[in-house]
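**Q** build the 3D model from these lines:
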Amino acid sequence: MTFKLFPIVLFITLSSCVQDKKLEHKMSSIESESNLIETDTIKSIEITKDFVLGKFDYKNHELFIKTNATHTSKHIYLNVEVYEAFVNMYNHAEKDSIQLKIVSGTRNFAEQKAIWERKWEKYQNLNPVSRAKKILEYSSMPSTSRHHWGTDIDLNSLSNSYFESGKGKKEYKWLVENANNYGFYQVYTDKSSGRTGYNLERWHWSYMPLSIKYLTFYNNQVDYSDISGFDGSELAEALNIIPNYVNGISEDAKQLKYPKE
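**A** Sure thing, here's the model as predicted:
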C-alpha cells in the first residue's frame, strides 16, 4: 500500500512566546497548497533506543510539533509528518460533517510512568501479576507505549461505548472507511480473531508509515533489561510484554509494508 501526503494550508496564530516561534519555524514549509513538510530531514534523523523507549524531550525535539487548538482538546505534540497527515484527514472529515478531535498524542517515559504508577497504586489490593494485567487492559508499561513515538493518536473519546451509537458511531464509521487512506490504522481491534495485548480501543489510531519503522527498530534493539525504572517493571518479561503487547496489534497493521526510502 502506498501512503500519500496531500498539500494543506495551516493557519497558525503567532504570539511572542518562544514556543510559538518554534511552531512557526517547524511549519514554515506549509505556507501554500504546493508546499509539504520536507521529509528528507525526517529521514536523515537516526532512530535511537532512547527515542523508541520514550526517554527524550519531545517538546524540544526537531521532529515534533505542538498541534493547533483547532484539532485538539489540550496541549498535544505529534511528529510533524503525522500531524500533516492528520490535518489532511481532519479537513476531509470536516467536509463530510465529521468532527475529529485529538484527545491524546505523544507521551514520554515520565508521563507514561505517572499514568502507570497512579493505576498501580489504585489496584494495590490485587497481587502483583493481577495488578499489572488490570492496568494492561488499556494502559502500557513505560517504555512500551506507541504514544512515545508521536505516531499514535486517541480521537474524540476514550470510551468504546461512545462509538457504538449516535454521533460517535458515525465518527467511527467514517474513520473505518477513510482513515487508512491517510496512513492511520486502528491497531487495537477486537480480540476475537486472536489478537493479544490491550483490549479493544476504537479511539486509538496509529500512523503506520512511521510507526512500522519504529516498531521494527524496537523489536531489533530493545530487550527486557531496557524496560525498567517504574513499579512492577520486573514483571515485564513474565507477562511477555514485547510479543503480546508491544506487538499485539491488528493483523491489517502487521501486514503493512512501508515504502522503501
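**Q** now do the contacts for residue 104.
**A** By C-beta atoms under 8 Å, 6 or more residues apart in numbering, the contact list for residue 104 reads 76, 147, 153-154, 158. Heads up, the C-betas are built off the backbone N, CA and C, glycines and all.
**Q** count the residues that sit near residue 90.
**A** Residue 90: 22 surrounding residues under other C-beta atoms under 10 Å.
**Q** before we move on, the earlier item: need the buried ones from the contacts of residue 104 selected in PyMOL.
**A** Under the burial definition 16 or more other C-beta atoms under 10 Å, those of the contacts of residue 104 that qualify are selected in PyMOL by:
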select buried, resi 76+147+153+154
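**Q** make CSV from the contacts of residue 104 and add secondary structure and pLDDT to it.
**A** Shown next, in CSV, are the contacts of residue 104 (DSSP: H, G, I helix; E, B strand; the rest coil; pLDDT from 0 to 100):
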residue, secondary structure, pLDDT
76, coil, 97
147, helix, 98
153, strand, 98
154, strand, 98
158, coil, 97
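**Q** just the contacts of residue 104 now: which is nearest residue 245?
**A** Using C-beta to C-beta, residue 147 comes nearest to residue 245 of the contacts of residue 104, at 13.0 Å.
**Q** I'd say the closest one and residue 109 touch.
**A** No - using C-beta atoms under 8 Å, residue 147 is not in contact with residue 109, being 10.6 Å away.
**Q** what segments of the chain are strands?
**A** For the chain, applying DSSP state E gives strands covering 64-66, 77-79, 102-104, 152-155, 184-186, 204-207.
**Q** thinking again about what came up before, so can I have a markdown table of the contacts of residue 104 showing distance to residue 69?
**A** A markdown table is the format used below for the contacts of residue 104 (distance: C-beta to C-beta, whole Å):
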| residue | distance to residue 69 |
| --- | --- |
| 76 | 10 |
| 147 | 20 |
| 153 | 15 |
| 154 | 17 |
| 158 | 19 |
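**Q** show me which of the contacts of residue 104 is closest to residue 48.
**A** Minimum distance to residue 48 across these is 17.3 Å, recorded for residue 147 (C-beta to C-beta).
**Q** contacts only, for the closest one.
**A** Applying C-beta under 8 Å, 6+ apart, we find residue 147 in contact with 54, 104-107, 112, 140.
**Q** which residues are in contact with both of residue 147 and residue 109?
**A** With C-beta under 8 Å, 6+ apart as the test, residue 147 and residue 109 both reach residue 54.
**Q** burial count for residue 140?
**A** Residues lying near residue 140 (other C-beta under 10 Å) number 22.
**Q** pLDDT score for it?
**A** pLDDT for residue 140: 98.
**Q** quick one: it from residue 198, how far?
**A** As judged by C-beta to C-beta, to the nearest Å, residue 140 and residue 198 stand 8 Å apart.
**Q** I am finished for the moment; much appreciated.
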